[in-house]
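# Generate coordinates for the sequence data below:
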Amino acid sequence: MQVRAGMLAVEAARRFADRVALGDARDGSTFAALDEAANRFADGLGTRGVRPGERVAVLGYNTPELVETWLALERGGFVRVVLHSHFEMPVHVALLAHVGASAVVFDTRFAAALAEHRAELGQVRLWVAIGEDPPYWSLPYEELLRGGDGAQPSLDVDEDAPVCIQPTTGTTGAPKPWIVSHRAWHALVAHNLAHLDTLAEKPLGTDDVNLHVHAVQWASGAQTLLPYMLRGARTVLQDDAAFDPAAIVQTLTAEGVTGVLVPGPMLIALLDQIATAEGFEHRLRRLVTLFATPELLRRASALLGEVWCHGYGATEQGAPATRLSAAEARAKPARLRSVGRPASPFLDLRIVDAAGERLPAGAVGEIVVRSPMSGGGYWRRPDLDRESRLPGGWFRSRDLGYLDADGFLYYVDRARDAIETAHGTVFPHEIEAAVLRHAAVANCGAVGLGAAGAQEVVAAVVLKAGHEDSPRLAIEIADAAAAVLEPHARPRVRLLAELPTVLGGAKVQRELLREQLSAAVAPAS
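All right, here's what the predicted structure looks like:
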């Protein structure tokens, strides 16, 4: 079936033309102005020789131009290739080569790093620069806009054609290029609309304000940008080049923010800031978080009220796959350890054994999902496509978990990250949750070191500001964690200045952490 490219944002512009869509409530861009900028950019790419179906990569921080580019590529039939701003440049270069990108739109803060690799990217015909001091080899964003027509394009595309390539987060190896079709994208927006509508007492509306503090090109944008826009809500952007809790708290108040997505490791620092802010008031109705602990969720309720939900999901599943609301946790406090039930009626979830057979409540197995959102594949990786599927259209997450009698999912961990000690299997997720209970811990990553079957549990810890590294503190943190763990799960705590993470600290790269810790204790040759 054919669908109109970019139809969702076009419809939002038609319905809410004169309302402020992006930025400050008084002088931000209206829906009509945002729509025209997207039209000009899409047409400008065409006049520069980029054709529908070609891959256009985007590498930028949270700026209005990034949102305009996102909408432009969709309506122009170009395939947006997401380059997460917090990945290392060699990762981007490999992905650009793999997908054969014809053009790259980039923030000039990445210009120097890109310049070092241009020789490896001969297939890129056009470089478009957002920001000050564009390099000589690029076309300034404003110039491309000036050369484009602001009239509304009308392009029909096959609903199964790619709208974007969204790489996975790369916590267990190199990011994998997941294809999102137009049909899957529409399903993802509908899924998140249903999820967000039912999270608060009233559905999303024109009085809502959506703040992006994390990368728009990751979950913050995929899960919330268009759902809020489709209801005429205003979008506010926080520069994600560096995480600044004080600036976020100020924006929450000044802009009357009602919705925000904050990964758990960042929510820790944000709540610390809120706890010390004098006279802090907020209008939050929907705070979406992930990778959180029960203690962190309790603290969110105490400081902000029952405005949060805790989700689980992955790029390929159409996140959030599941959602636990504060109200559900209050009804049965034991659910705080869960990640909830399917976030909308548009997603089905099961726990299966190694043979793909459905397991009963309480049994640990692999989490599998199916929906239009998980119906894609990996760009030119048929091997991954075969490995990721089970009969019946089920997508394999490679995550372990179990369901309770009420259908709430309890996440155990990545199957490949299991720590095999001499006295049984330990999962990093439970170690990290136990360590994060300590007030001095800002972030934690747990891995197993040594030979399989005799591994030692090691928790690498980054301390909050104001806490000094000391052997005594490391033992204190280990003791506190051991109090809620099985004896064989007690971790040895290593205090580090930083952890290898992706997405600005949202996820720990356990494979890289394991390599770093192993190298640190390896005998000299």
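
# Report the helix or strand with the lowest average pLDDT across the chain.
In the chain, the helix or strand scored least confidently by mean pLDDT, DSSP states H and E is strand 501-502, which has a mean of 80.

# Please pull up the helix or strand immediately following it.
strand 507-508 (DSSP states H and E).

# Touching that next one from outside, list them.
Thr169, Thr171, Pro263, Phe291, Glu432, Asn443, Cys444, Gly445, Leu499, Pro500, Thr501 (Cβ atoms under 8 Å, 6 or more residues apart in numbering). (Each C-beta comes from the backbone N, C-alpha and C, glycine too.)

# What is the subsequent helix or strand relative to it?
helix 510-521.

# who touches that following helix?
Residues contacting helix 510-521 (Cβ under 8 Å, 6+ apart): 171-173, 414, 417, 428, 445-449, 458, 460, 494, 499-500.

# if you set the cut-off to 10 Å instead, what comes out?
170-173, 413-414, 416-417, 419, 428, 432, 445-450, 456, 458, 460, 492, 494, 496, 499-502, 509 (Cβ atoms under 10 Å, 6 or more residues apart in numbering).

# wait, what's in contact with the most centrally placed residue in the chain?
Of all residues in the chain, the one closest to the mean position by Cα atoms, centre = their mean is Ala219, 3.2 Å from it. Neighbour list for Ala219: Thr169, Leu261, Pro263, Val288, Leu290, Gly311, Gly313, Thr315, Ala319, Pro320, Leu503, Ala506 [criterion: Cβ under 10 Å, 6+ apart].

# rerun at 8 Å
Leu261, Pro263, Leu290, Ala319.

# so which two of these are the farthest from each other?
Pro263 and Ala319 (11.6 Å; Cβ to Cβ).

# Is the nearest residue to Ala480 once chain neighbours are set aside part of a helix or strand, or is it coil?
Leaving out its chain neighbours, the residue that sits closest to Ala480 by Cβ to Cβ, 6 or more residues apart in numbering is His438, at 4.9 Å. With DSSP: H, G, I helix; E, B strand; the rest coil as the basis, His438 sits in coil.

# Give me the pLDDT for His438.
At His438, the model reports a pLDDT of 95.

# what does Ala497 give?
For Ala497, the predicted pLDDT is 93.

# Spatially nearest residue to it, not counting backbone neighbours?
Val462 is the one closest to Ala497 (Cβ to Cβ, 6+ apart), at 7.2 Å.

# swap in Ser181?
Ser181 sits nearest to Asp160 (Cβ to Cβ, 6+ apart), 5.0 Å away.

# All the strands of the stretch 251-400 of the chain, residue numbers only.
With strands called from DSSP state E, counting those that start in this stretch, the stretch 251-400 of the chain shows them at 259-261, 286-290, 308-312, 322-325, 341-342, 348-352, 365-370, 389-390, 394-403.

# Output the contacting helices and strands for the third one.
Packing partners of strand 308-312 (3 or more Cβ pairs under 8 Å, 6 or more residues apart in numbering; DSSP states H and E): strand 286-290, helix 294-304, strand 322-325.

# ok, now with 6 Å
strand 286-290, strand 322-325 (3 or more Cβ pairs under 6 Å, 6 or more residues apart in numbering; DSSP states H and E).

# Any chance of those strands in CSV with distance to Thr47 as columns?
Formatted as CSV, these follow (distance: least, Cβ to Cβ, whole Å):
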stretch, distance to Thr47
strand 286-290, 39
strand 322-325, 44
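
# Turn the ones you listed into TSV, columns for mean neighbour count, distance to Glu255 and mean pLDDT.
Below are these laid out as TSV (neighbours: other Cβ atoms under 10 Å; distance: least, Cβ to Cβ, whole Å; pLDDT from 0 to 100):
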stretch	mean neighbour count	distance to Glu255	mean pLDDT
strand 286-290	23	15	97
strand 322-325	25	24	98
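
# distance between the ends of stretch 303-314?
28 Å (Cα to Cα, to the nearest Å).

# Next: stretch 363-374.
Using Cα to Cα, the two ends of stretch 363-374 sit 24 Å apart.

# measure the residue nearest to Ser181 to Arg4 for me?
15 Å (Cβ to Cβ, to the nearest Å).

# hang on, the earlier thing: tell me, what's the model's pLDDT at the residue nearest to the centre of the chain?
Reading off the model, Ala219 has pLDDT 91.

# Show me where the stretch 1-150 of the chain has its strands.
2-4, 20-22, 29-30, 55-59, 79-82, 103-107, 126-130, 139-140.

# I meant to write the stretch 401-525 of the chain there.
409-414, 419-421, 424-426, 441-449, 456-463, 492-495, 501-502, 507-508.

# Tabulate the ones you listed (JSON lines), appending mean neighbour count and distance to Asn210.
Formatted as JSON lines, the strands of the stretch 401-525 of the chain follow (neighbours: other Cβ atoms under 10 Å; distance: least, Cβ to Cβ, whole Å):
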{"stretch": "strand 409-414", "mean neighbour count": "20", "distance to Asn210": "26"}
{"stretch": "strand 419-421", "mean neighbour count": "20", "distance to Asn210": "39"}
{"stretch": "strand 424-426", "mean neighbour count": "16", "distance to Asn210": "39"}
{"stretch": "strand 441-449", "mean neighbour count": "24", "distance to Asn210": "26"}
{"stretch": "strand 456-463", "mean neighbour count": "22", "distance to Asn210": "29"}
{"stretch": "strand 492-495", "mean neighbour count": "19", "distance to Asn210": "37"}
{"stretch": "strand 501-502", "mean neighbour count": "20", "distance to Asn210": "23"}
{"stretch": "strand 507-508", "mean neighbour count": "22", "distance to Asn210": "22"}
